[in-house]
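Asks: Got a predicted structure here, sequence first:
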Amino acid sequence: MNRSPDLLNGPMRSVLVQMTIPMMFGIVSIMLFNLADIWFVGQLGTLPMAALAFTFPVSFVVISLAIGLGIGTSATLARRIGQGDTGSAAQVATSSLFITTILLVIVGFAGQFAIEPVFKLMGAEAELLPLIRAYMQIWFAGSVFMVLNMVCNSILRATGDVRGSAMIMLLASLLNFILDPLLIFGLGPFPALGIQGAALASVIAWGITTLVALHLLHHRRHMLTLRFPSLLTLLRYWRELFSISVPAALSNITTPVANGVLTAMVARHGAEAVAASG
């Protein structure tokens, strides 16, 4: 009974610090990602800033889906790694990335048709819709990389590579910060794309870091395999994944939905109010 405090003050505290600090940096990097976008787009004027503010609730619905898939993947994978079943763990990780890709291709495709009705429902004025459409068309097309990135990071954390996961998130934030002004304002040889540049910067940052994460998963953690299980086993993996992912995603979706309602209420006071809120 007297050994517990010593354990918490010694080895366990060291492990908690080693896992917590990298994740703190990773979470801060996500905040910096959004702050960079709103900072640079805000310099384009009130209307682009208001258009970007309208996109936040919708984009965070997709991020909530990514969080749910990440939690489900991490939980199902950690169980097998803890049991020493590395072969099954690699199949679970690969099948999770596979179904994530399929789902987000569907979401990205459907999102293209949902842009106008969804944002009209949220109260976006006619003058804002072209800006919102210009941003969200690129964002939806590249959202598969964002979600794959988050699921890859969940796999890395499940294998104990918390530092690698945090570094990937920081790298994504840094790339976005560098690319934002280049693509938004057209610095040097880059074209001035305005609000589209912000979306494209995000997609490029996600794409590059997803490739880095996949490289780490394959070469360092050996969590990717081309040996797919039988269809019944694959469906069992997915059922296990969704039994955790769906409740986790739904619990996170409530916040962006509430923000969407709040944005619709603020939109009654004009684009300037939405820009200020954003």
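Replies: That came through, no problem.
Asks: from here on, contacts and neighbour counts on C-alpha atoms
Replies: Will do.
Asks: Please report the distance of residue 115 from residue 124.
Replies: According to C-alpha to C-alpha, to the nearest Å, residue 115 and residue 124 sit 11 Å apart.
Asks: scratch that, residue 166 is what I was asking about
Replies: 36 Å.
Asks: Give me the neighbour count for residue 272.
Replies: Using other C-alpha atoms under 10 Å, residue 272 is surrounded by 16 other residues.
Asks: check which helix or strand covers it.
Replies: Assigned by DSSP states H and E, residue 272 belongs to helix 271-277.
Asks: Now do that helix: which elements does it pack against?
Replies: Counting contacts by 3 or more C-alpha pairs under 8 Å, 6 or more residues apart in numbering; DSSP states H and E, helix 271-277 packs against helix 46-82, helix 231-267.
Asks: And those: which comes nearest residue 136?
Replies: With C-alpha to C-alpha, the closest approach to residue 136 among those belongs to helix 46-82: 7.4 Å.
Asks: hmm, back to that, in terms of neighbours, single out the busier of residue 115 and residue 124.
Replies: Shown here are residue 115 and residue 124; by other C-alpha under 10 Å, residue 124 has more neighbours (24 against 18).
Asks: mind listing what the more buried one touches?
Replies: Neighbour list for residue 124: 54, 264, 267 [criterion: C-alpha atoms under 8 Å, 6 or more residues apart in numbering].
Asks: ok, now which ones touch the first one?
Replies: Yep, that's residue 54 we're talking about. Contact analysis of residue 54 by C-alpha under 8 Å, 6+ apart lists 119, 122, 124, 132, 263, 274, 278.
Asks: of all these, which comes closest to residue 200?
Replies: Nearest member of the contacts of residue 54 to residue 200, counting by C-alpha to C-alpha, is residue 132, at 13.6 Å.
Asks: Only the buried residues of the helix or strand hosting the closest one, if you could.
Replies: In this structure, residue 132 sits in helix 129-158 according to DSSP H and E. For helix 129-158, the neighbour count (16 or more other C-alpha atoms under 10 Å) marks 129, 131-158 as buried.
Asks: what angle do it and helix 46-82 make?
Replies: Here the directions of helix 129-158 and helix 46-82 differ by 20 degrees (axes from the mean of the first three to the mean of the last three C-alpha atoms, to 10 degrees).
Asks: so what secondary structure elements neighbour helix 129-158?
Replies: Of the remaining helices and strands, those touching helix 129-158 by 3+ C-alpha pairs under 8 Å, 6+ apart are helix 46-82, helix 86-121, helix 162-185, helix 195-215.
Asks: To residue 238, which of these lies closest?
Replies: It is, among the helices and strands packed on helix 129-158 and with distance given as C-alpha to C-alpha, helix 86-121, at 7.3 Å.
Asks: With adjacent residues omitted, what lies nearest to residue 244?
Replies: Distance criterion C-alpha to C-alpha, 6 or more residues apart in numbering; nearest residue to residue 244, sequence neighbours excluded, is residue 72 at 4.9 Å.
Asks: For residue 207, give its distance to residue 182.
Replies: Applying C-alpha to C-alpha, the value for residue 207 to residue 182 is 17 Å.
Asks: go on, residue 159?
Replies: On the measure of C-alpha to C-alpha, residue 159 and residue 182 end up 36 Å apart.
Asks: just to revisit the earlier point, mind putting the helices and strands packed on helix 129-158 into TSV with mean pLDDT and distance to residue 226?
Replies: Formatted as TSV, the helices and strands packed on helix 129-158 follow (pLDDT from 0 to 100; distance: least, C-alpha to C-alpha, whole Å):
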stretch	mean pLDDT	distance to residue 226
helix 46-82	89	17
helix 86-121	92	8
helix 162-185	89	23
helix 195-215	94	13
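Asks: No further questions, thank you.
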